[in-house]
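A.B. asks: Based on what follows, work out the 3D shape:
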Amino acid sequence: MGTGGFSTARLGRMHDVMARHVDRGEAPGLITALSRRGETQVDVIGTKTVGAEDPMRRDTIFRIASMTKPVIAVATMILVEECVLRLDDPVDRLLPELADRRVLSRIDGPLEDTVPAVRPITVRDLLTFRLGFGLLTAPEDTAPVARAAQELGIWVGMPDPSGVPEPDEWMRRLGSLPLMHQPGERWLYHTGSQVLSVLIARATGRPLEDFLRERIFEPLGMADTGFHVPREKLGRLATSYLPDAATGKLERYDGAEDSRWAAPPAFPDGGGGLVSTVDDFLAFGRMMLDRGRGGGGGRVLSRPSVELMTTDQLTPAQKAVSGLLPGAWDNLGWGFGVSVVTGRDGVAAVPGKFGWDGGFGTSWATDPAEEMVAVLLTQRAQFPLFSPLYLDFWTLAYQAIDD
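C.D. replies: Below you'll find the predicted structure:
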């Protein structure tokens, strides 16, 4: 047993189980990483591409999809700490497209049937996904407002940098639609992080990626994280796959040399646009574990800000009406850009643990109680709650602890 308190035999079990997932074709390859008390264990399995002699490597680049959301939340809190933004100020000054909102009288009603918003949208609303607009679950996803968002190209779907308009046009389109619910009324996934992308750029007067690089990526040594993959690094990008709904066969979604991420996007998408590597995201996770302090000793955020970000912000009433699966909020909450475990109902469900997943097959969590950061990276799209690969990874990460 090393300094991190991991069992060598149990790490071997973790490798064997994860390798079986790859052998069964559930993903062409994957990387797992556990970091605890100064010890880091990284396991690289399989290939970057189905059917190719193209081994996965520790420096392989992945599309991290919704794991982008915690990064955007940290960037927002940097501006809150500097008093450039205030949590409970309306966003109208910087985002006039969201001023004087109208709200649907009912979610399945016509777009013209609206009432005035009871209050403006705030920065806190964006961070907690309570702005009143976001992903709808069936049967609401067939509502006129959902169809209109799809037609305008601003609906929630698989990340695609080539299919999103530039920020001002994206905001104009969003502002042309009514809100689905009153600000603060319920949690609706995703759109809040996209709006924060525009807010940060307008608040700083700089491109979003420039701000992220200066204030987060460079201080943490995240040299391979960004909204596109430079030409000289495309050979390190893993191919991304979607499973066929009927057969489960992996179908190519995005390659490497011809990747949608091969050029800077028109819209740097804070909801799901970043690429990264296992060591880059371990650095981000360790910063959150160290309550805002980076590896070199410099501070990205204050301890109180990290504690606020990782505290459940949803009321019981908001959880009762919010669109996750039945029972999903029983032992889970939402902070600023991260989920927060609130009750223990499994080996890996430790109260206080926080993190988030990415729809392309990535997952991260930081656990202050166990002093651990864990990362799973694949490029096989999957839904975490139903994915044996995800579920096994998190069980295996915690069973490897031997102290």
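A.B. asks: buried sites along the helix-or-strand element of the chain with minimal mean pLDDT?
C.D. replies: The helix or strand of the chain with the poorest confidence is helix 316-321; it has a mean of 87 (mean pLDDT, DSSP states H and E). By neighbour count with 16 or more other C-beta atoms under 10 Å, helix 316-321 contains the buried residues Gln318, Lys319. To be clear about C-beta, it is placed using only N, CA and C from the backbone, and glycine gets the same treatment.
A.B. asks: which residues touch Arg86?
C.D. replies: Taking C-beta atoms under 8 Å, 6 or more residues apart in numbering, we find Arg86 in contact with Val80, Val123.
A.B. asks: Please, where are all the helices along the stretch 251-400 of the chain?
C.D. replies: Applying DSSP state H, counting those that start in this stretch to the stretch 251-400 of the chain gives helices spanning 278-289, 303-309, 316-321, 388-399.
A.B. asks: Tell me which of the ones you listed sits nearest to Leu34.
C.D. replies: Among the helices of the stretch 251-400 of the chain, the nearest to Leu34 by C-beta to C-beta is helix 388-399 (5.7 Å).
A.B. asks: and the next element down the chain from the longest helix along the chain?
C.D. replies: Among the segments of the chain that qualify as a helix by DSSP state H, the longest is helix 8-23. For helix 8-23, the following helix or strand on the C-terminal side (DSSP states H and E) is strand 29-36.
A.B. asks: Give the rounded mean pLDDT of that next one.
C.D. replies: Average pLDDT, strand 29-36: 98.
A.B. asks: and that strand, which residues are buried?
C.D. replies: By 16+ other C-beta under 10 Å, the buried positions in strand 29-36 come out as Gly29, Leu30, Ile31, Thr32, Ala33, Leu34, Ser35, Arg36.
A.B. asks: for that strand, the distance to its chain's centre please.
C.D. replies: Offset of strand 29-36 from its chain centre (C-alpha atoms, centre = their mean, to the nearest Å): 17 Å.
A.B. asks: Paired strands for that strand, with orientation please.
C.D. replies: Neighbouring strands of strand 29-36 in its sheet, by DSSP bridges, are strand 39-46 (antiparallel), strand 372-377 (antiparallel).
A.B. asks: of all those strands, which lies closest to Val145?
C.D. replies: For Val145, the closest of the strands paired with strand 29-36 is strand 372-377, at 34.4 Å, according to C-beta to C-beta.
A.B. asks: and Leu237, what is it in contact with?
C.D. replies: Leu237 makes contact with Lys48, Thr60, Ile61, Phe62, Val229, Ala256, Ser259, Trp261, Val275, according to C-beta under 8 Å, 6+ apart.
A.B. asks: now do 6 Å
C.D. replies: Taking C-beta atoms under 6 Å, 6 or more residues apart in numbering as the criterion, Leu237 is in contact with Ile61, Val229, Ala256, Ser259.
A.B. asks: Format the residues you listed as JSON lines; extra columns: neighbour count, distance to His181 and pLDDT.
C.D. replies: JSON lines is the format used below for those (neighbours: other C-beta atoms under 10 Å; distance: C-beta to C-beta, whole Å; pLDDT from 0 to 100):
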{"residue": "Ile61", "neighbour count": "28", "distance to His181": "37", "pLDDT": "98"}
{"residue": "Val229", "neighbour count": "21", "distance to His181": "37", "pLDDT": "98"}
{"residue": "Ala256", "neighbour count": "20", "distance to His181": "40", "pLDDT": "95"}
{"residue": "Ser259", "neighbour count": "21", "distance to His181": "36", "pLDDT": "97"}
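A.B. asks: Looking at those residues, which one is closest to Gly296?
C.D. replies: Using C-beta to C-beta, these come closest to Gly296 at Ile61, 23.0 Å.
A.B. asks: show me the contacts for that closest one.
C.D. replies: Asp224, Val229, Arg236, Leu237, Val275, Thr277.
A.B. asks: from the contacts of Leu237, which is closest to Ala348?
C.D. replies: Ile61 (26.5 Å).
A.B. asks: partners of the closest one in the sheet?
C.D. replies: Counting by DSSP bridges, Ile61 is bridged to Leu237.
A.B. asks: remind me which residues of the stretch 101-250 of the chain are low pLDDT?
C.D. replies: Regions of the stretch 101-250 of the chain meeting the criterion pLDDT under 70 are absent.
A.B. asks: if we go to 90?
C.D. replies: Applying pLDDT under 90 to the stretch 101-250 of the chain flags residues 137-142, 155-160, 162-163, 245-248.
A.B. asks: All the helices of it, residue numbers only.
C.D. replies: Assigned by DSSP H, counting those that start in this stretch, the stretch 101-250 of the chain shows helices spanning 123-127, 144-152, 167-175, 191-204, 208-212, 218-220.
A.B. asks: how about those, which one is nearest Gln318?
C.D. replies: Nearest of those (C-beta to C-beta): helix 123-127, 11.5 Å.
A.B. asks: So which elements touch that closest one?
C.D. replies: helix 191-204 (3 or more C-beta pairs under 6 Å, 6 or more residues apart in numbering; DSSP states H and E).
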